[in-house]
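Undergrad: no sequence on hand, only this structure:
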């Protein structure tokens with residue numbers, strides 16, 4: 001999808017399949033981090049809505065960011081959610097955070113969404129991800145009311161960005 005400048009050097013974001021090895025590994029790392037961050041909530045049966053899981057059949061784009069050395073450093077996906085495109089599984093490896101990788105992933109996903117004729121992207125993030133909230137706000141995303149399927153998830157932060 002393109003090459004972007006980042007603190008550590010050029011970052012290339014490419015479209016891959018949902019089952020791409022690097023994409024799977026990055027999502028696994030994200031799941032481990034989120035499981036630790038939200039462990040007490042995950043332990044409560046029925047508290048996490050089914051919509052948190054991503055049905056691969058709904059994914060219209062998966063992007064992997066790689067460093068100049070070809071190392072996978074970030075992941076993003078877009079899924080169809082009703083008539084919208086929703087940003088899912090946005091993740092940057094801890095060593096690369098704060099250096100422009102997230103902005104490269106967002107730019108690539110936004111380009112894909114525009115190419116598909118979307119007028120906006122929506123997303124949900126959690127209350128224990130303040131850095132993500134700050135980054136989305138800085139990148140032009142605005143808060144919106146909590147949307148399905150996240151209504152029952154306490155503390156959800158939902159955003160949109162007009163394209």
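TA: Okay, I see it. Quick caveat: nothing in here was measured; it's all calculated off a predicted structure. Numbering: from 1, shown residues only.
Undergrad: my guess is residue 62 contacts residue 21, does it?
TA: No. Counting by Cβ atoms under 8 Å, residue 62 stays clear of residue 21, with 12.0 Å between them. Bear in mind the C-beta positions are built from the backbone N, C-alpha and C, glycine included.
Undergrad: who's more crowded, these two?
TA: Set residue 62 next to residue 21 and count neighbours by other Cβ atoms under 10 Å: residue 62 wins out with 28 against 11.
Undergrad: partner strands of the strand or helix carrying that one and their direction?
TA: Using DSSP states H and E, the element containing residue 62 is strand 59-66. Strand pairing for strand 59-66, using DSSP bridges, gives strand 9-15 (antiparallel), strand 72-81 (antiparallel).
Undergrad: looking at the ones you listed, which has the lowest confidence?
TA: Among the strands paired with strand 59-66, strand 9-15 carries the lowest mean pLDDT, at a mean of 92.
Undergrad: give the buried residues for it.
TA: Residues of strand 9-15 classed as buried: 11-13 (neighbour count, 16 or more other Cβ atoms under 10 Å).
Undergrad: measure how whichever helix or strand comes after it sits relative to strand 72-81, angle-wise.
TA: Counting by DSSP H and E, the next helix or strand C-terminal to strand 9-15 is helix 21-37. Calculated by axes from the mean of the first three to the mean of the last three Cα atoms, to 10 degrees, helix 21-37 forms an angle of 80 degrees with strand 72-81.
Undergrad: quick one: residues in contact with helix 21-37.
TA: For helix 21-37, the surrounding residues in contact (Cβ atoms under 8 Å, 6 or more residues apart in numbering) are 16-17, 42, 62, 64, 66, 72, 74-75, 89, 91, 93, 126, 128-129.
Undergrad: quick check: the gap between the nearest residue to residue 135 once chain neighbours are set aside and residue 80.
TA: Using Cβ to Cβ, 6 or more residues apart in numbering and skipping the chain neighbours, the partner closest in space to residue 135 is residue 102 (5.7 Å). The gap separating residue 102 from residue 80 is 22 Å, by Cβ to Cβ, to the nearest Å.
Undergrad: who has more neighbours out of these two?
TA: residue 102 (25 against 15).
Undergrad: do you know which of the strands paired with strand 59-66 lies nearest residue 2?
TA: Between residue 2 and the strands paired with strand 59-66, the shortest separation by Cβ to Cβ is 6.1 Å, and it involves strand 9-15.
Undergrad: run the chain-centre distance for the closest one.
TA: 16 Å (Cα atoms, centre = their mean, to the nearest Å).
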